[in-house]
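Q: Give the three-dimensional model of this entry:
(2 chains)
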Amino acid sequence: MRLYDTMTGEKQEFTPSGDEVTMYVCGVTPYAATHVGHALSYVYFDVLRRYLEHRGHRVRHVENFTDIDDKIIERARAEGITIEELTSRHIQDYFQVMDALNVKRAYVYPRATQEIPQMLEIISTLVERGYAYPAEGDVYFRVQKEPDYGKLSHRTLEGMVAGVRVEGGTLKEHPLDFALWKRTKPGEPSWKSPWGEGRPGWHIECSAMALRYLGNTVDIHGGGQDLIFPHHENEIAQAEAYTGVKPFVRVWLHNGLLHLGEEKMSKSLGNLVTVKDALASHPPDALRLAFLLSHYRSPLTYTDEGIVGAERALERLVNALRGDGEGRADGGVDVHLYRERFLAAMDDDLNTPQALASLFDLAREINRHRERGVAVGEAQGALREMAGVLGLSLEEQARPEQKDAYPFVDLLVETRSRLRADRKWELADDLRSRLEELGVLLEDTPSGTLWRFKSLP
RNA sequence: GGCGACGUGGCCAAGUGGUCUAAGGCGGAGCUCUGCAAAAGCUCUAUUCGGCGGUUCGAAUCCGCCCGUCGCCUCCA
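A: Sure, this is the predicted structure:
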């Protein structure tokens, strides 16, 4: 398949270097609730993983938690709790909503605070080799020592110095040098190091974890576009300087950012919608579909209308799977055609909008054939399978509390069927509209009345 | 200021030199089916791709300029 690599700026043929695909995805800094921007990113990488697996690859997928940084310390202090309490709460939230969104779990979720020895080992080596220097308990990476610094984000040191804010009283040799290790401040969590008590800088944990769990060269490394600089640029510098192996990463993948209004959604701007809130009013499949309806590299604006539109679109797919699929064997759907279109789209830099277009066309074809009494079981199976590659369950998703109402709704529907049999249309129609007001949709079909819960507003 | 991305129908969104008078979704209109609805199906809903020039036999797709929006350069998926 072809993937767009941020480093080269073009799509290139991707083949794993070994038996399995190694994939590192930058995880969250767990100091606030998981928001829908995170959801978008992890859904896309989940689809990539599912697709690679669908293509027969094993995927060794690692995702970190950066559970120590300024914001975490700040927030924990503000809330009067320990950083462990804060981060474990948000990590729990993260898993809960990602599970709800049907995002497959990674094989490992290393946490920065548990990888300190690896980081110290890297930092020490960098210092020994002259790639880093200690300064009053801090350790900085010497960007001028790395000639290709800026290769990922396509910047030059000169170009960046122009726009950089020069901090007063800095210990840095160069304004773009970045901290690998920060000396401790009173009241902050810290670890012992050759340079005194301190804690890791922001970028080092990802290099350390990727190298430890995936080796010196990782097939795929991904994250949001906002991580390209400085985070990923710095990861490359550290990792390549430490291992001497280039490239650290074979393909860099970055998803477009989710906007709310005119700006990107972010924790620091505070303009966010949490995944929990989104899932309170929309089914997980709808959220997922809303993301996949746009290409992963494009920015997308989060709107309620957008999700509602996806919800309707989802119903189309779900409805196409109704029935037992049986019928005349002749003149069935040419499933092969749709599979080919799906694969071709996915092979082309994970073009999910186009892949979905083939699924919608397939759904229409299924409905058309089914209406004529032709067997559509195979086509339905294919639709379900391809949707599964996109992580869409296509199940009617009732909430647990709704399940309790099943027998009662069944009873009402049955009663209404009797009224209809007696041609008591007025009563039957009234019952139907009253049920709709309560969130239950009825459909009378030749084979009986179907009902389902309306997804909540 | 530097670097980068983007601007396609009412809305969302693919397409990046000819098969494009432009996929798909949502919305809207009409029809079919239905006791009525719903679902589904059919038909219609951009001769046009921010604007202006240029390259080419041919451009939404390449080049230049302009206008507009966004991102990164500070924490961020």
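Q: Which residue, other than its chain neighbours, is closest to A:M265?
A: Setting aside the residues directly before and after it, A:M265 is nearest to A:G37 in space (C-beta to C-beta, 6 or more residues apart in numbering), at 4.2 Å. Heads up, the C-betas are built off the backbone N, CA and C, glycines and all.
Q: check whether the helix or strand where that neighbour lies contacts RNA strand B.
A: Per DSSP states H and E, A:G37 falls inside helix A:36-54. Yes - using C-beta under 7 Å from any atom of the strand, helix A:36-54 reaches RNA strand B at A:G37, A:H38, A:L40, A:S41.
Q: surely the residue nearest to A:M265 meets A:N255?
A: No - with contact defined as C-beta atoms under 8 Å, A:G37 does not reach A:N255; the gap is 9.5 Å.
Q: In chain A, where is pLDDT below threshold?
A: Residues of chain A meeting the criterion pLDDT under 70: A:163-169, A:397-400, A:455-457.
Q: domain parsing for it?
A: Following automatic domain parsing, one finds the domains of chain A at A:2-264, A:282-389, A:400-453.
Q: So which residues on the stretch 1-150 of chain A come close to RNA strand B?
A: Checking the stretch 1-150 of chain A against RNA strand B by C-beta under 7 Å from any atom of the strand, the hits are A:9, A:26-29, A:37-38, A:40-41, A:66, A:69-71.
Q: Of those residues, just the buried ones, ChimeraX syntax please.
A: Buried subset of those, written as a ChimeraX selection, criterion 16 or more other C-beta atoms under 10 Å:
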select /A:26,27,28,29,37,38,40,41,66,69
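Q: which of the residues of the stretch 1-150 of chain A next to RNA strand B lies closest to A:E115?
A: Comparing these against A:E115 with C-beta to C-beta places A:T66 closest, at 10.4 Å.
Q: So what touches the helix or strand where A:V127 lies?
A: For A:V127, the element it lies in under DSSP H and E is helix A:116-128. Residues outside helix A:116-128 that contact it (C-beta atoms under 8 Å, 6 or more residues apart in numbering) are A:112, A:132-134, A:139, A:141, A:180-181, A:191, A:193-194, A:200, A:204-205, A:207-209, A:211-212, A:238, A:241-242.
Q: Between the two ends of stretch A:327-343, how far is it?
A: 28 Å (C-alpha to C-alpha, to the nearest Å).
Q: For it, buried residues please.
A: For stretch A:327-343, by 16+ other C-beta under 10 Å, it's A:G327, A:G332, A:V333, A:V335, A:Y338, A:R341, A:F342, A:L343.
Q: which one is the fifth one nearest to, not counting chain neighbours?
A: Nearest non-adjacent residue to A:Y338, counting by C-beta to C-beta, 6+ apart: A:L362, 4.3 Å away.
Q: Please, which helix or strand holds the one you found?
A: A:L362 belongs to helix A:352-371, assigned by DSSP H and E.
Q: same for that helix, what does it pack against?
A: helix A:284-292, helix A:304-320, helix A:335-347, helix A:377-389 (3 or more C-beta pairs under 8 Å, 6 or more residues apart in numbering; DSSP states H and E).
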